[in-house]
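J.: Sequence and predicted model, in that order:
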Amino acid sequence: MSERRRVTVRELPSYAFGPRDPMWWGVALLMCIEGTTIALLLLMYFYTRQRVDVWPTTAPARDSLYAGAATTAVLLASIVPTHLMNGAAYRGDLARIRRFMVLMTALSLAALGTRIWEFRALPFRWDTDAYGSVVWGLLTLQTTHLGLGVIENLMFVVLLYRGPVEKKHLVDVEVNGMYWYFVVGGWLPIAATIYGEALFR
Amino acid sequence: MTSTVATESTPDSRSEDARLERELTDTWRLCRGFAGWFCETNHTVIARRMLVTAFVFFALGGVEALLMRLELARPDNHFIGPDRYDQLFTVHGSTMMFLFAVPVMQAMGIYLVPLMVGARTVAFPRLNAYAYYTYLIGGVFLYVSLFTDTGPDTGWFSYVPLSGPQFSPGKRVDVWSQVVTFTELSALSTAANLIVTTLKLRAPGMALNRMPLFVWAELVTSFMVIFAMPAVMLATMCLALDRLVGTHFFNSAVGGDPLLWQHLFWFFGHPEVYIIFLPALGMVSSIVVTFSRRPVVGYLPMVLSLVATAFLGFGLWVHHMFATGLAELGQGFFTAASIMIAIPSGVQIFCWIATLWSGRLVLATPLWFVFGFVAIFVVGGLSGVMVASVPIDLQVHDTFFVVAHLHYVLIGGAVFPLLGGIHYWFPKLTGRMLDERLGKAGFVLTFTGFNLTFFPMHLLGLHGMPRRIYTYRAATGFGPLNLLATVGAFVLLAGLLVVLTNVVRALLSGRDAGPDPWQSDTLEWSVASPPAPYVYEHLPCVAGRYPLWEGIRDCVVEGMDPRQRQVLVTAALDAAPDHVYVLPGPSIWPLLSAVATGVTFITMIFTPWAVPLGLALGTVCLVGWFWPRPPHEPLLAEQP
């Protein structure tokens, strides 16, 4: 007969929020990858900037500034329902999750709309010069993050209204909210770089 | 939560164990049939496929190398011709770096890390399958292009402006840039999987300071992948855009800069060396500990050295660009950083020597490969310190000296430990033992062949032979050393064929290995060889760094439901049990998503409309992959 130590896990929960959840880590790493890409593209902007005498070669027009400001405002506004939605997910309050998810999705779609306005307002094309390439590059990169966020938001809206909603979806809602914070947070240095210089010239 | 009970093997406990085994087998059953092959997500199956695929690409890259060696064997040779030669060295380099070295190291991680940390599988099994298929599609695409004479021809780092739209019309460079994107996407997915598996699925009690050094090496490497690979993905994307839609990222005529390409590429390219090399160091540590029969000397300095190497590895990319006319301050900084990285490498070498010195050595084949590694890698490291010095680098830049250096570092630093690792873990992967005599013969031939091939290249480089030339004149005097290198290449081939013969022989009629043929210390040796699909009947818990030498069987986890694909999630630092997570089962969606990725990337070579196409396909795949299907996990009380 031998003595055996046993670690009992029968009573442990089937899901957990925040860094306790593997999916949280997966999305955090995705954010690291995408964040590194943003940082590198911003470095490309400043690298290219120090090589030319006139910068920006074609300054963004007033319309561009308005469009950029509109996108920034909409994205910042979307943080509020995201925050409230996460709080509802912690409490398991489905009705409130659905309400704030719809609001957040509407704002994310609005941000896509203002982004189209931004592209249209730019007074240069991607193939005008290196400045045009890097600005279009930054906007396109952020639009892919935005687009991915919108697709995820729409999927959640359908899931939350059609069901079946599993308990672990509460965690997924929180992780989706975290990604959305990243979409908004990643936009701010890009907006400051593209439009800030034009604004303070 | 923890209790100690007296256990005795009784008929009741034996029938309980049999029931548990039956239920686990049923729950984790591998997919069957033709369709099942494409749905499988079991990590050992996917890792085996990755390993086999990587070694097939290794063989193809090797054939390309032999063709190049035949071409260079004598002066004024026209066996291949310049265009084909350009394709061969480009595809050889790209294959070895993108399709062999990184995937094979990650495949070893995907197979071994879950076993070593006491988990049933990886954190994201479907993502794992997706990563494999993406890698496979990318690799096949490269070889289809080579066999149809549209293989890339601008070198494995495809410098602009040579690879830009002006000097490389056609689609060859586009193939290269998309293959890189494929493989990096795969590597990033696998890295994320390995990190989360390591941080969240460790057995109770396996705090970070008790993790095996191989797991540490894979963890550090995976973080390097996360921060290094975006640079090359961004670079190749910008190159593709310059070529497809006329952007000017690298066009100096309108404000772009070709050197920007080099910065982006080497910001990835130098860490890439360590991404290949660090897992190999982890393998060396495992082998040294087992065959010294003692704990490693300096566990903490070893871990800190791995982390220091990773940090320093990001700070010396510019030493690949010393010939581009940098500011002196920059040259000084990157010289210092390049020399400094010898410190953590040296610490590890000394720790291994101290472990071997004070251990009771068992001179099995894996240890022979480790000895080979130490010898070759020290030579490669010393030539590295030489080229870190700007004046020497300017003299030998783009010569065969650099070819010799990089092969000493990469083959010595990665392939020899890998071959040692294959000999070491082969019994676990297959349940069969390799033959020791053939193993040692394989080592002697590969070691001799390798040095015969690559040592003369140092001398050729010092005598001024440039790399990437398809032939040379007899008057240069390069002939005899080139002939020696070619003979060496065939000796190396003979060595690798002996290794392959050993593997095939063992698979057909090898001796049964049993769970732990080497009397090793880490958890993977506590389960059957090869492991069952569920790996552990009872999840283990550990109380030290060397669980099998410290009585692993004295502690088990109980309370997991064998009728669900449950994994135990533990805290990232101290591995305290946190919650029990149910993983999704096999699925066709990883394959379909990889195909959608392939269609998008390949279409992108021809038209920007690939972007909306990819968006549509990606949305369909996301929905198919993640949409909840029965049997459902516990539902929220309130439903729509």
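T.: That came in fine, so what should we check first?

J.: The longest helix anywhere in chain B vs chain A: in contact?
T.: The residue-count maximum for a helix in chain B (DSSP state H) belongs to helix B:258-292. Yes - against chain A, helix B:258-292 shows contacts by C-beta under 8 Å from any C-beta of the partner chain at B:260, B:263-264, B:267. C-betas here are computed from N, CA, C, even on glycine.

J.: which one of those has the most neighbours?
T.: The most crowded member of those, judged by other C-beta atoms under 10 Å in any protein chain shown, is B:Leu264 (26 neighbours).

J.: Please name the nearest non-neighbouring residue to that residue.
T.: Spatially, and ignoring its direct neighbours in sequence, B:Leu264 is nearest to B:Ala235 (3.8 Å; C-beta to C-beta, 6 or more residues apart in numbering or on different chains).

J.: What residues of the longest helix of chain B count as buried?
T.: Buried residues in helix B:258-292, counted by 16 or more other C-beta atoms under 10 Å in any protein chain shown: B:258-292.

J.: Any idea which helix or strand in chain A has the lowest mean pLDDT?
T.: Across the helices and strands of chain A, mean pLDDT, DSSP states H and E gives its lowest value to strand A:2-8, namely a mean of 75.

J.: One more: chain B?
T.: strand B:2-7 (a mean of 51).

J.: ok, which stretches of the stretch 51-200 of chain B are helices?
T.: B:82-94, B:102-117, B:125-147, B:172-200 (DSSP state H, counting those that start in this stretch).

J.: Mind checking those helices for the one nearest to chain A?
T.: Chain A sits nearest to helix B:172-200 of all the helices of the stretch 51-200 of chain B, at 4.3 Å, using C-beta to the nearest C-beta.

J.: Where does pLDDT dip in chain A?
T.: Applying pLDDT under 70 to chain A flags the ranges A:1-4, A:201.

J.: residue ranges of the helices in it, please?
T.: Secondary structure of chain A (DSSP H): helices at A:22-49, A:62-91, A:94-121, A:130-162, A:168-200.

J.: Next: the stretch 501-640 of chain B.
T.: Going by DSSP H, counting those that start in this stretch, the stretch 501-640 of chain B shows helices at B:589-604, B:610-626.

J.: circling back: show me the one of the helices of the stretch 51-200 of chain B that comes nearest A:Phe182.
T.: Of all the helices of the stretch 51-200 of chain B, helix B:172-200 sits nearest to A:Phe182, with 15.0 Å by C-beta to C-beta.

J.: quick one, domains of chain B?
T.: As recorded under automatic domain parsing, the domains making up chain B are B:394-513, B:591-626.

J.: Show me what the mean pLDDT comes to for the next helix-or-strand element following the longest helix of chain B.
T.: Downstream of helix B:258-292, the next assigned helix or strand under DSSP states H and E is helix B:299-313. What helix B:299-313 shows for mean pLDDT is 96.

J.: tell me what helix B:299-313 is packed against?
T.: With contacts taken as 3 or more C-beta pairs under 8 Å, 6 or more residues apart in numbering or on different chains; DSSP states H and E, helix B:299-313 sits against helix B:213-244, helix B:258-292, helix B:342-358.

J.: between that helix and helix B:342-358, how many degrees?
T.: Interaxial angle, helix B:299-313 versus helix B:342-358 (axes from the mean of the first three to the mean of the last three C-alpha atoms, to 10 degrees): 150 degrees.

J.: ok, which residues in the stretch 151-300 of chain B are in contact with chain A?
T.: By the rule C-beta under 8 Å from any C-beta, the part of the stretch 151-300 of chain B lying against chain A is B:188, B:191-192, B:195-196, B:199-201, B:204, B:226-227, B:229-231, B:233-234, B:238, B:241-242, B:245-249, B:251, B:254-257, B:260, B:263-264, B:267.

J.: Whichever of these count as buried, I'd like them selected in PyMOL; how would that read?
T.: To isolate the buried members of these in PyMOL, using 16+ other C-beta under 10 Å:
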select buried, chain B and resi 188+191+192+195+196+199+200+201+204+226+227+229+230+231+233+234+238+241+242+247+248+249+251+254+255+256+257+260+263+264+267
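
J.: From chain A, how far out is B:Ser163?
T.: 17 Å (C-beta to the nearest C-beta, to the nearest Å).
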